[in-house]
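# Here is a sequence with its predicted model. Questions after.
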Amino acid sequence: MGGSEPTLFDAVEQPSATAAQRIAQLRRQLHEHNHAYYVLNTPAISDQEFDALMRELADLEAAHPELYDPNSPTQRVGSDIQTGFTQVRHERPMLSLANTYNKDEVAEFYRRVRDGLGTDDFSLCCELKFDGLSIALHYDHGSLRQALTRGDGTQGDDVTPAARTIRTIPLQLPAGTGWPESFEIRGEVLMPWAAFDSLNAERMEREEPLFANPRNAASGTLKSKSTAVVAERHLDAYLYYLLGESLPTDSHYDNLQAARRWGFQVSDAMRRVQGLTAVYDFIDHWDQARHSLPVATDGIVLKVDSLAQQRALGMTAKSPRWAIAYKFQAERQSTVLREVTFQVGRTGAVTPVANMDPVQLSGTVVRRATLHNADFMAALDLHQGDHVLVEKGGEIIPKIVGVDTEAQEGARGEAVQFATRCPVCGTPLVRYEGEAAWYCPAYDTCPPQIKGRLEHYVSRRAMGIDAIGPETIDAYYTQGLVLGVADFYDITAAQISGSRGTRQRTAQRIVRAIAASRQVPFERVLFALGIRFVGETTAKLLARAFRDIDRLAAASPDELAAVSGVGKATAESVHEWFGTEANRRTVERLRAAGVQMALSERAMARQGSSLAGQTVVISGVFALHSRDEYKALIEQHGGKNTASVTKNTTFILAGTGVGPAKLEKARSLGIPLVSEEEFLHRIDTHSAPTDATASLPHEGEG
Ligand code: IVH
């Protein structure tokens, strides 16, 4: 290159004009790379290069707040600013589709279309019916202006800030690809199965109510008040309907192909066919193949392809005459509801359970189905003796999806009410603000709560006293031998041998196992105490931050919440637990019995060192802990967590769905991938050395 030739940068005189140009250029490049990565799955640059461009853009934007753009690639991460939702009227109403459930009904639709058009010269688009929540995106000059939920079809919620965090929704369309100046595109926001499973696993650990299915999870997430929460939950979006004044073609199919070129994620499954046989083939194929898709689908959608023919057919008040949904048969059976019982967990949370006449469902006999919580149960409006529809969808636990009114004979039984008192101890139930569950507040006296805590205490991951099982606990509790966790340490072999057929050898084994639990490291003791919201990871974080129980007990909620990875609710719960007289007494008795109440010298010496000097990249979706928890764990063990893979990366903590760019980079640099189980094992064996449980014989109860 000739040295005297002016470059683009030399030619620009004003520094702010340079910045503006560079910002525009970076935004364009990052939008393209984002699309290549998330929609096409073919990244053009490494994550590291991507991060570098992003950092440069973020720095420039920080220096030039006057150039703020809500659609900048930097805005994808969301923020903690709470947003309320404004209701916005749809420019064109969002109709729904008429449903069909068998091929005869599909054939009827086909005939209606043919008769309506007066010809059988028409094509149908066959598409997957995605099971999420529908969204309408409005673009002006290639830029995302507004995102609305369906709402009641006439008005929807403005969820634009949340939609901006969804990586498969383009914020700025690439120039020169032919998009109309103004248009609307509709589609479905979804939570992929992997993200759904990992979210529920996290909620289970935190004892928060689980989402019943990915659709509820997606809608709960999109409506979340903090867009930062939306950003980290990995929502996805498929687009399937283009609307506007000046669309590129007069074919639905071709318009969606064009939308794909503009950067939208359009399903590859879509086919344009003629004739019923081809439609049936599509149905048959996807009825099976859908089970290996990363997102939930509940049917297929058929649409007349020609927009002129669509106009000719028109709409009914509720749905277009040119389209129909065919719903896949869910694994669903009808049976009779006999009774709703209530289960009390160790935290006092009360779960309603439906007891039904046994019914075959996906190869197993189902008698019970969870009703999740009071709201879920109320929504079903159940009456005793109702014929109910039980379904086993992608979820593991069978659920009641509704009353089978067609099978109903005669008058209905009494309406099923949620319990007002604890089914076991009779204490009036309470509901805490912001929670879906009802609780029995009789923490100290309610038997299932006490027994649940005892079971938790001895469980393998807690104190590991696996010589004692639930039945033994039940017996000890009933005999008055063990009423609280500290009582275990007072048991003698003489007391228990002979009782319920326990032989002397077994009695001695149990006593030895209890004694050995005195060596269980402090962090597991903390987990074993069963403090609400304190799962294994949180226990580790707290143990390492406070080092002994006295410091932990004295900590204020603010000090607790200051620990990275510990949330406000957990902090409150820990503070409250130690504020309770009975709990403090338990701690004192455990201490007197010799249970570990501080990190051991060894753990302390090794603390923060097992990952010393190591640089770890977290990637993918995890089943056991959240990303934040892993980040905190890495830091607490002296490691460094970075975003991008470089030659300095020690290993990648890899969940499912690690991005292709990261995989490729790791391969080329020879950087190992470490699963979450392996990772937890690594930090565990380094920081919590113990032989307490390892030395015990793992025989069954004698
Ligand atoms: S087209 C007027 N296509 O199904 C036609 N809808 O019951 C508008 N859905 O509200 C919808 N996949 O949320 C269309 N490929 C697809 C779809 C789809 C899922 C949802 C959408 C709509 C509902 C209709």
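Looks like it arrived, so ask away.

# Which strands and helices lie in contact with the helix or strand Ser198 falls within?
Assigned by DSSP states H and E, Ser198 falls within helix 193-205. Here helix 193-205 touches helix 214-222, going by 3 or more CB pairs under 8 Å, 6 or more residues apart in numbering; DSSP states H and E. Quick note: C-beta positions are derived from backbone N, CA and C, even for glycine.

# got the angle between the helix it packs on and helix 193-205?
Helix 214-222 runs at 70 degrees relative to helix 193-205, counting by axes from the mean of the first three to the mean of the last three CA atoms, to 10 degrees.

# Tell me which residues of helix 214-222 come out buried.
By neighbour count, with 16 or more other CB atoms under 10 Å as the criterion, the buried positions of helix 214-222 are Pro214, Arg215, Ala217, Ala218, Ser219, Thr221, Leu222.

# ok, now how distant is the closest residue to Arg27 other than its chain neighbours from the ligand?
Distances taken as CB to CB, 6 or more residues apart in numbering place Ser72 nearest to Arg27, at 5.6 Å, with adjacent residues excluded. Between Ser72 and the ligand the computed distance is 29 Å (CB to the nearest ligand atom, to the nearest Å).

# ditto for Ala582
52 Å.

# Let me know how buried that residue is, in neighbour terms.
Counted with other CB atoms under 10 Å, residues neighbouring Ala582 total 10.

# Flag every residue of the stretch 301-450 of the chain that's near the ligand.
Applying CB under 6 Å from any ligand atom, we find that the stretch 301-450 of the chain lies next to the ligand at Val301, Pro320, Ala323, Ala325.

# Select from those the one having the most neighbours.
Among those, Ala323 has the most neighbours (other CB under 10 Å), with 23 neighbours.

# Find me the pLDDT at whichever residue of the stretch 601-702 of the chain sits closest to the ligand, would you?
Of all residues in the stretch 601-702 of the chain, Gly657 sits closest to the ligand, at 22.4 Å by CB to the nearest ligand atom. Looking at Gly657, its pLDDT reads 73.

# Could you do Gly263 as well?
The model's pLDDT for Gly263 equals 96.

# Give me the distance between the residue nearest to it when sequence neighbours are not counted and Gly275.
Excluding its sequence neighbours, the residue lying closest to Gly263 (CB to CB, 6+ apart) is Pro170, at 3.9 Å. Taking CB to CB, to the nearest Å as the measure, Pro170 falls 35 Å from Gly275.

# Those two: which has the busier surroundings?
Remark: of Pro170 and Gly275, Pro170 carries more neighbours, 28 against 13, as counted by other CB under 10 Å.

# so the more buried one, which of the three states?
Here Pro170 is recorded as coil under DSSP: H, G, I helix; E, B strand; the rest coil.

# Sheet partners, orientation included, of the helix or strand where Leu128 lies?
Counting by DSSP H and E, the element that carries Leu128 is strand 124-130. Strands that pair with strand 124-130, judged by DSSP bridges, come out as strand 271-273 (antiparallel), strand 297-304 (antiparallel).

# and it, average pLDDT?
For strand 124-130, the mean per-residue pLDDT is 97.

# And for stretch 95-110?
Mean predicted confidence for stretch 95-110 is 92.

# Ok, stretch 294-312 next?
95.

# Which positions in it come out as buried?
Those buried within stretch 294-312 under the rule 16+ other CB under 10 Å are 295-307, 309-310.

# Next, the buried residues of the strand or helix carrying Leu552.
Using DSSP H and E, Leu552 sits within helix 549-554. Neighbour counts over helix 549-554 (16+ other CB under 10 Å) mark Ile549, Leu552, Ala553 as buried.

# Number of residues surrounding the nearest residue to the last one once chain neighbours are set aside?
When the adjacent residues along the chain are set aside, Ala553 lies closest to Phe578, with 4.1 Å between them (CB to CB, 6+ apart). Residues within reach of Phe578, counting by other CB under 10 Å, total 18.

# so what's Phe578 scoring on pLDDT?
97.

# quick one: contacts for it?
The contact partners of Phe578, by CB atoms under 8 Å, 6 or more residues apart in numbering, come to Leu552, Ala553, Arg584, Val587.

# got any ranges where the stretch 51-200 of the chain has weak pLDDT?
79-83 (pLDDT under 70).

# same check, this time on the stretch 251-400 of the chain
In the stretch 251-400 of the chain, residues with pLDDT under 70: 330, 362-364, 393-396.

# same thing but 90
Where the stretch 251-400 of the chain drops to pLDDT under 90, the residues are 287-292, 298, 315-319, 327-333, 345-347, 359-366, 370-376, 378-380, 391-400.

# Closest residue of it to the ligand?
For the stretch 251-400 of the chain, CB to the nearest ligand atom, closest residue to the ligand: Val301, 4.1 Å.

# tell me the contacts of that residue?
Counting by CB under 8 Å, 6+ apart, Val301 makes contact with Leu97, Cys126, Glu127, Leu128, Lys129, Tyr240, Ala323, Ile324, Ala325, Tyr326.

# and the regular element (helix or strand) spanning the last one, which strands flank it?
Put plainly, it is Tyr326. Per DSSP H and E, Tyr326 falls inside strand 323-327. Here strand 323-327 has these sheet partners by DSSP bridges: strand 99-100 (parallel), strand 297-304 (antiparallel).

# any chance of the ones you listed in TSV, plus distance to His372?
Converted to TSV, the strands paired with strand 323-327 look like this (distance: least, CB to CB, whole Å):
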stretch	distance to His372
strand 99-100	25
strand 297-304	20
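
# For Tyr476, find the nearest of those.
Shortest distance between Tyr476 and the strands paired with strand 323-327, using CB to CB, is found for strand 297-304: 48.7 Å.

# State the next helix or strand along the chain beyond that closest one.
On the C-terminal side of strand 297-304, the closest following helix or strand by DSSP H and E is helix 307-313.

# Enumerate the residues of this protein near the ligand.
Residues of the chain lying close to the ligand (CB under 6 Å from any ligand atom) are 95-97, 127, 129-130, 134, 150, 188, 240-241, 301, 320, 323, 325.
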